[in-house]
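1. Here's my sequence, what's the structure:
(one chain, ligands or ions: 2)
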Amino acid sequence: MDLNEDVKYVKGVGPNRVQLLNKIGIFTLKDLITYYPREYEDRSKIKNICECQNGEDTVIEAVAVSRLANTRIGKGKTIQKLQVRDETGLATITWFNQPFLNTKFYVGKKYRFYGRINEQFGRVEMVSPVFDDIRETNNTGKIIPIYPLTFKLTQNILRKIIENGLEIVKENGGLKETIPSYILNKYDLVEINKATNSIHFPQNNEDFKNARKRLVFEELLSTQLALLQLKNNNINDKKGIQFNKNVKMSDVINTLPFKLTKAQLKVLEEIDDNMESNKTMNRLLQGDVGSGKTVVAMIAAYKAVKSGYQVAILAPTAILATQHLTNFKNTLDKFGIRTELLISGITKKNKEQILQKLADGEIDIIIGTHALLEENVIFKNLGLVVTDEQHRFGVKQRMTIVEKGQNPDELVMSATPIPRSLALILYGDLDISIIDELPPNRKTVETYAVTGKMDERINNFIRAQVKEGRQAYIVCPLVEESEEVDADLKAVKTLYETCKNETFPEFRVEYIHGKMKPKEKDDIMFRFKNHEIDILISTTVIEVGVDVPNASVMVIEDSQRFGLAQLHQLRGRVGRGEYKSYCILKYKGKGQNTKERMKVMCETNDGFVISQKDLELRGSGDFFGTMQHGIPEFKIANLFTDIDVLKLVQGVAISVVDKDPKLEKEENKLLKELVKDKFTDRIEI
Ligand code: ADP
Ligand code: MG
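-> Ligands and ions are numbered 1, 2, ... in the order given. Coordinates of the predicted model:
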């Protein structure tokens, strides 16, 4: 049996459903059976009608004592009522606009209903429940998994499809074990088939816990082993470049218009040491938004170039690459360093020239986007690779660029800092430097979370700021659960029309969107930077790195939909100059979690605190946020709640690799497979 078989071969999956499944990332049978529930509803325990409490979700088992009564209640609307009883009392079951249910119920027959109880003065009602014939357990009578879902795919449908997927697996002899038995036994882990079945359809809490424990263990173990392998590769097999000791970083530092912070200097020292040593540098540079990572990269680049090597700077967006180009040129042109840009937007001719010059060694620093990863990009002697905003790139992409040189040093920069303890575990393959201090005179961005009818006041505030000469960003909601491919674009355009024509007709309003051509995007950002635009309506394309010091207001619509780390990034777009800046988080929903998240944003500007809280408050199965951390996305493990397992597993991984560095022993054959799997798909971020 091939777990990579297309999900379309699973019973119940037609062409339409294939598309819906693809949308939630399910392409293969393996994706399907590892699409884990977000939570569970215990519909196995049946309550007596007389014990039902107002507001609770519960199962009752009762006999129909009437036919389904169908009543019109206004235009096109109907209400259905069914009277039922058990030994302890009577209840009314109510549905709306479902007259077709009348074929489902027979007087005198017993059914199970699951839904919310509405109890008043001893009268028990259940509204719009799901139900089963007493002989069935489709919707009730067991613990029901609840999956993270999107548009049009219902819980019932997905549950059935997953059931069918598991059935196929079983018919074909089951899943192959992935963890060697010596580890399964030692840590008391259930075998893979039991775990997989029970995570979807647990018999009871115990069963669920055992299943989860094993799957979390497996997921973390494979990540840890993969990271250790990476690290070993780096240390053992590679002799790195020794950059010239006589090239002094201080030569650049002395020309800067500002004094570097202590933290920046410390980090530069670590980098300098690495660069001068004969080992390859693999260093992660963490620092909050605005902590000044770019200048650190520039100084390292100077050292590499003046030692006779080329440097590649990999940035996630054309806007950011272009901005880096300006900054690098400002700082390094005076040293005779030749810096160029390579993004997909440039003309063919221009591109050919750049590629030629790069191969001939006539370019010292090349700054670019994914375009740098292409095969035809060849360096004469690449000595240093810098990856900015590393969470936008996968390990594979990093490797692709690194392999264009001979063991070049590598500096990986991340603006979404995570606690050091976690970073040490998660980035096992990298050394870590942290800039834990912002340049002086940075003002904190005053943040407000607002809900309800505040639009007028907010708009007045924006107006006042723009009149004073400032600029504003309005970030649009992510559009989820939509069938329309360009829903995000549409949302931005709609808001843009309203702002331009109705709300702010007196100002210069523009919009920017990720699907625009790089050239168009650059053009808009350039005009915004030049203050030819007052208000920029945007999707999250502006999220990383863009620097417009005159912008002082950041309004984020539907902020409840963003992860905290991402909100923090967005907020980091303002407060970059001398002006007092504001971030207004508009949000909907009264959930405790939403409120708490908003509170965190208002109370702190510290990226480390925020990322910690983000981990803490994020439920598993939450699709926003994870990507923003740049930590590998986990299907089941939760880095906050599973930190103990993570530590345990790290110990296991280390001891395995100590005894068998390349996982060549027979007993570790399975682990080798597990790691291979990690490299081919999941470690990709
Ligand atoms: P990030 O770490 O978010 O990438 P940047 O490198 O873009 O931050 O730096 C943000 C801004 O702060 C830039 O305009 C940069 O020139 C400036 N900057 C960097 N270091 C310092 C410093 N030590 N003192 C004052 N300004 C600084
Ligand atoms: Mg940056």
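
2. Could you report the neighbour count for the one residue in the stretch 251-400 of the chain that gets nearest to ligand 1?
-> Using Cβ to the nearest ligand atom, the closest approach of the stretch 251-400 of the chain to ligand 1 is made by Gly292 at 2.8 Å. For every residue, glycine as well, the C-beta is placed using N, CA and C. Applying other Cβ atoms under 10 Å, we find 20 residues neighbouring Gly292.

3. Quick one: list the elements packing against the helix or strand in which Leu285 is found.
-> Assigned by DSSP states H and E, Leu285 belongs to strand 282-287. Secondary-structure packing of strand 282-287 (3 or more Cβ pairs under 8 Å, 6 or more residues apart in numbering; DSSP states H and E): helix 262-276, helix 293-306, strand 409-414, strand 431-435.

4. Which of the ones you listed has the highest mean neighbour count?
-> Compared across the helices and strands packed on strand 282-287, strand 409-414 shows the largest average neighbour count, a mean of 26 (mean count of other Cβ atoms under 10 Å).

5. Please enumerate the strands of the stretch 351-500 of the chain.
-> 365-368, 382-387, 409-414, 431-435, 446-450, 471-475 (DSSP state E, counting those that start in this stretch).

6. Those into CSV, with extra columns for mean pLDDT and distance to ligand 1?
-> Output for these, formatted as CSV (pLDDT from 0 to 100; distance: least, Cβ to the nearest ligand atom, whole Å):
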stretch, mean pLDDT, distance to ligand 1
strand 365-368, 97, 14
strand 382-387, 96, 11
strand 409-414, 91, 7
strand 431-435, 89, 7
strand 446-450, 95, 18
strand 471-475, 95, 16
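
7. So for Lys176, which of those sits nearest?
-> Distance to Lys176, taken as Cβ to Cβ, is lowest for strand 409-414 among the strands of the stretch 351-500 of the chain, at 34.6 Å.

8. other SSEs contacting the closest one?
-> Packed against strand 409-414 by the contact rule (3+ Cβ pairs under 8 Å, 6+ apart) you find helix 262-276, strand 282-287, helix 293-306, strand 382-387, helix 395-402.

9. Give me every residue in the chain lying close to ligand 1.
-> Taking Cβ under 6 Å from any ligand atom as the contact definition, the chain meets ligand 1 at 258-261, 264, 287, 289-295, 415, 439, 545, 547.

10. Can I have the buried ones of these as a PyMOL selection?
-> A single PyMOL command selects the buried members of those (16 or more other Cβ atoms under 10 Å):
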select buried, resi 260+261+264+287+289+290+291+292+293+294+295+415+439+545+547
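
11. Which parts of this protein belong to which domain?
-> Listed by automatic domain parsing, the domain ranges of the chain are 1-36+145-174, 45-141, 250-277+292-414, 446-604.

12. In a markdown table, list those domains along with distance to Leu221.
-> Converted to a markdown table, the domains of the chain look like this (distance: least, Cβ to Cβ, whole Å):
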| stretch | distance to Leu221 |
| --- | --- |
| domain 1-36+145-174 | 15 |
| domain 45-141 | 35 |
| domain 250-277+292-414 | 17 |
| domain 446-604 | 26 |
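
13. Now do the contacts for the residue nearest to Leu341 when sequence neighbours are not counted.
-> Take Leu341 and drop its neighbours on the chain: the residue closest to it by Cβ to Cβ, 6 or more residues apart in numbering is Leu325, 4.7 Å away. Counting by Cβ atoms under 8 Å, 6 or more residues apart in numbering, Leu325 touches Thr339, Glu340, Leu341, Ile367.

14. Please enumerate the helices of the stretch 101-250 of the chain.
-> Taking DSSP state H, counting those that start in this stretch to define them, one finds helices in the stretch 101-250 of the chain at 155-171, 181-186, 192-200, 205-237, 250-253.

15. Take these and write them to CSV, including mean pLDDT.
-> Shown next, in CSV, are these (pLDDT from 0 to 100):
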stretch, mean pLDDT
helix 155-171, 93
helix 181-186, 96
helix 192-200, 96
helix 205-237, 84
helix 250-253, 96
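
16. So what sits opposite the closest residue in space to Val127 that isn't next to it in sequence in the bridge?
-> The shortest distance from Val127 to any residue other than its chain neighbours is 5.0 Å, reached at Thr94 (Cβ to Cβ, 6+ apart). Applying DSSP bridges to Thr94 gives these bridge partners: Lys81, Val127.

17. and Thr94, how many neighbours?
-> Thr94 has 16 nearby residues by other Cβ under 10 Å.

18. Mean neighbour count added to the helices of the stretch 101-250 of the chain, as CSV?
-> Shown next, in CSV, are the helices of the stretch 101-250 of the chain (neighbours: other Cβ atoms under 10 Å):
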stretch, mean neighbour count
helix 155-171, 17
helix 181-186, 13
helix 192-200, 20
helix 205-237, 19
helix 250-253, 16
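
19. Rebuild the ones you listed as CSV, extending it with distance to Lys659.
-> Output for the helices of the stretch 101-250 of the chain, formatted as CSV (distance: least, Cβ to Cβ, whole Å):
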stretch, distance to Lys659
helix 155-171, 33
helix 181-186, 12
helix 192-200, 24
helix 205-237, 12
helix 250-253, 46
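
20. Can you say which of those is nearest to Val645?
-> Of all these, helix 205-237 comes closest under Cβ to Cβ, at 5.5 Å.

21. Please name the residues that touch the residue of the stretch 251-400 of the chain closest to ligand 1.
-> Gly292 makes contacts with Leu260, Thr261, Gln264, Ile435, Leu438, Pro439, as judged by Cβ under 8 Å, 6+ apart.

22. Arg571 too?
-> Arg571 touches Val289, Val445, Thr447, Met554, Cys583, Met601, Asn605, counting by Cβ under 8 Å, 6+ apart.

23. tell me which of the residues you listed is nearest to Asp132?
-> Met601 (44.2 Å).

24. per-residue pLDDT, that closest one?
-> Predicted confidence (pLDDT) at Met601: the value is 94.
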